[in-house]
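Colleague: Quick one: sequence and predicted model below, then my questions.
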Amino acid sequence: MLSIQTNVSSLVAQQNLNVNTQFQNNTIEQLTSGYRINSSSDDAAGLAVANTFRDNIAELTQGVQNGNNGVSQLQIADGGLSNISNILDRLKTLATESASSTFTGNRSTLNNEYQSLLTEINRQASNIGMVTNGSMNNQLQVYIGGGSSQSNAQVTVDLSGTKNTVDSAGLGIGSTSIDQGGVSLTGNNVTSLNNANYMVMTGQAAGSGQTLAIKYVDSAGATQTLNASVTSTDTNGISVSAALQQLNTQLSTIGLQAAVNSTGSLVIGGTAAFEVTGVSNSAGAPTNLLATAGANNTINTGDYNTSKAFTKPDGTPQILAFSNGSVTQYVTLDGTATSGQPNAADNAADAVSTINTVTHSLGIYAFADASGNINLQSSGNFTVTAVQQGAASGGGAAGWGTDAAGTEINPTAPSASQSSTGNALAALTAINAAVAQLGQVQGRVGAGENQLNYAISLAQSQITNFSSAESQIRDADIAAEAANLSKAQVLQQASIAAMAQANSAPQAVLSLLKG
C-alpha cells in the first residue's frame, strides 16, 4: 500500500533511531562514569547488592583507622611501661646496695633517690593512663567492623582492674623503703621542732650532749658496754647528720648503725645482738636530742629473741640446752660454785656471763636487764630447752623462766624492719614482684597490639574482597562498552540514513499524479 498519510517506514526508522540513540547514550554514560550501573533502572537488584558492599567498605575503612588509633595508644602505653621497667631496674640497684650489711655509705641518701623514683613512676603511670580509673585502665573496645554481629565487629583489650595499674601502689612498692631500719629508742625525736636541721640543745654550754650505753658480747663471750656519745660544740645545737656521723663512727666498731626513720626518731640496727641500757646527759638535760634519760633496755628485735625472768637456783641446778639447729650446747646454772660447772649463777648478770661463755660460739647472746630478766638474741633461729628445771632450797621452780623440765622455748621471729638491711631486703622482694606484675601488664598490652594488628589485616583483606565484589556488579567493562559505542554509532548513522530514505519514499506518489 502506497500512502502519503502514514509513512510506516519512517516511523520504524524513527523508533530504531531512538533505540540506537539511547543505546549510544547509555554506552557513553558507562564509559565516562566507569560504572555499569548509573541509576536504579540500570540494574535495581545489582545496585542493592553493590550498595551493601560499599557500605561494608565504608565501615571497614573507618574501622582500620580505629584500629590504627588503638595500636597507637597501646604503643604509647607500651613505651611508658618500658620506661617504668627501667626505673624498676634502678630501684633494684639502690635496694641491692642498701641490702648489704657491709655498706658504709648513707642509706638515707639512697632512700631519697629511691623515693623520688617511686614518685616518678606514679607520674609516668598517670601520663599513660595506667592508674586506677585512668584512660587506659579499662576494658578497651575498638570497633573494626566486618562482623556478622556487633560483638564480632569489636576487638576487646582488657586493661581494667588493679592488676593493670602500674603506679607504685599498683605494683606493690608504694610503701617500701631502703632506709636504715632498727629499734627506735623510747621518747626520742632527733629532728628539732624549731629547726629541722638541728638537734636542739638551746641554753646548754658548748660540749653538752648525751651518751648511749649499749651492751654487746665480744668474741670471747664476755658482755661489754659501749658508751656512744654525741657532743655539741655549739650552743645552738648539732645537725642531725653530724650527730649520726658521731654515733656511727663509734657504733660501726660493733657492727651497728644509727639512722633517722620516717617519723624523725633515732633508730639503731644491725646484724649484731645488742641492748641499749640507758641514756645519760652531760652539761644539763638537752631537749629533743637522742632519747629520754634513764634506762631503756631496748634489744635488737631485728634478731630472733626471747626474754625470761631469772631466779637463782640454790637447790637443784638448772640445765639448759641451747641449739642453733645444727649444734647443741649445755649450760648449767647453779647457785653455788662447784667444780666442773662453767660458773656459779647467783643472779641474772652472773647467769648471762655463764650462758655467753658457752653459747656465743652458737651465735646466741644473752643480756641481763635491771629487772632480773635474761634476754636472748641471735641472728638465726634457735631453741632453748630446760633439760633439768632448777629449784630453790625452799622449794619451787628456779632458774631461767618457769617452764617445766623438757619444755622447748622458741624465740620471737625477728622484725625485718628493725634490722639495718631489713627494709632494703623487703623492698627487693617487693620489686621482684613488681617486675613480674609489670611484665604481665606489658604482655597484655603487647597482646592487645598484636590483636588489633591482626584485626586490621582482616579488615583490609575484607575491604579488598568487598571492593572486588562491588566492582564486578557496579563497574563497567570498558573494553565491551568501547565496542558497544562503535556499534551504537554505526547503528545510529544507519538509522539516520534509512530514515532519510523512508522520508523520501512518499514523493513517488507525485509521479502518479502527473498527467
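Modeller: Good, I have the coordinates.
Colleague: on contacts alone, who are the packing partners of the host helix or strand of Leu91?
Modeller: Using DSSP states H and E, Leu91 falls within helix 44-98. Applying 3 or more C-beta pairs under 8 Å, 6 or more residues apart in numbering; DSSP states H and E, we find helix 44-98 packed against helix 107-127, strand 139-143, strand 154-158, helix 422-474. Where you see a C-beta, it was placed from the backbone N, CA and C, and this is true even at glycine.
Colleague: Relative to Gly174, which of those is closest?
Modeller: Of all the helices and strands packed on helix 44-98, it is helix 107-127 that lies closest to Gly174, at 6.6 Å by C-beta to C-beta.
Colleague: Any chance of JSON lines for the helices and strands packed on helix 44-98, columns distance to Glu408, mean neighbour count and mean pLDDT?
Modeller: Output for the helices and strands packed on helix 44-98, formatted as JSON lines (distance: least, C-beta to C-beta, whole Å; neighbours: other C-beta atoms under 10 Å; pLDDT from 0 to 100):
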{"stretch": "helix 107-127", "distance to Glu408": "37", "mean neighbour count": "17", "mean pLDDT": "93"}
{"stretch": "strand 139-143", "distance to Glu408": "55", "mean neighbour count": "16", "mean pLDDT": "93"}
{"stretch": "strand 154-158", "distance to Glu408": "52", "mean neighbour count": "17", "mean pLDDT": "93"}
{"stretch": "helix 422-474", "distance to Glu408": "27", "mean neighbour count": "18", "mean pLDDT": "92"}
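Colleague: could you redo those as JSON lines and give each row distance to Ala220?
Modeller: Output for those, formatted as JSON lines (distance: least, C-beta to C-beta, whole Å):
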{"stretch": "helix 107-127", "distance to Ala220": "31"}
{"stretch": "strand 139-143", "distance to Ala220": "68"}
{"stretch": "strand 154-158", "distance to Ala220": "65"}
{"stretch": "helix 422-474", "distance to Ala220": "29"}
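Colleague: Surely Val131 forms part of a strand?
Modeller: No: assigned with DSSP: H, G, I helix; E, B strand; the rest coil, Val131 falls outside any strand and is coil.
Colleague: Let's verify Ala273: helix, strand, or coil?
Modeller: Ala273 ends up coil, using three-state DSSP.
Colleague: OK, contacts around it?
Modeller: By C-beta atoms under 8 Å, 6 or more residues apart in numbering, Ala273 lies in contact with Tyr216, Val217, Ile299, Asn300, Asp303, Tyr365, Phe367, Gln377, Ser378, Ser379.
Colleague: Of those residues, which is the most crowded?
Modeller: Asn300 (31 neighbours; other C-beta atoms under 10 Å).
Colleague: neighbours around the nearest residue to that residue once chain neighbours are set aside, how many?
Modeller: Spatially, and ignoring its direct neighbours in sequence, Asn300 is nearest to Phe274 (5.1 Å; C-beta to C-beta, 6 or more residues apart in numbering). Around Phe274 there are 26 other residues, counting by other C-beta under 10 Å.
Colleague: isn't Phe274 right next to Lys215, touching?
Modeller: Yes: assessed by C-beta atoms under 8 Å, Phe274 is found in contact with Lys215 at 6.5 Å.
Colleague: Output the below-cut-off pLDDT ranges for the stretch 151-300 of the chain.
Modeller: Within the stretch 151-300 of the chain, the ranges that satisfy pLDDT under 70 run 191-207, 236, 283-296.
Colleague: give me that answer again for 90
Modeller: 151-153, 175, 179-213, 218-223, 229-248, 252-272, 276-300 (pLDDT under 90).
Colleague: Quick check: the gap between Thr407 and Ala366.
Modeller: The spacing between Thr407 and Ala366, counted by C-beta to C-beta, to the nearest Å, is 18 Å.
Colleague: Comparing those two, which residue is more hemmed in?
Modeller: Neighbour count, other C-beta under 10 Å: between Thr407 and Ala366, Ala366 has more, with 29 against 12.
Colleague: Just checking: what are the partner strands of the one helix or strand the more buried one maps to?
Modeller: Secondary structure from DSSP H and E places Ala366 in strand 364-368. Strand 364-368 sits in its sheet next to strand 373-378 (antiparallel), going by DSSP bridges.
Colleague: which residues are contacting the partner strand?
Modeller: Under the contact criterion C-beta under 8 Å, 6+ apart, strand 373-378 has outside partners 273-275, 299-300, 303-310, 324, 348, 351-352, 355, 362-369, 382, 384, 400, 411.
Colleague: Could you do stretch 498-515 as well?
Modeller: For stretch 498-515, with C-beta under 8 Å, 6+ apart as the criterion, the contacting residues are Leu2, Ser3, Ile4, Asn7, Ser9, Ser10, Val12, Ala13, Gln14, Asn16, Leu17.
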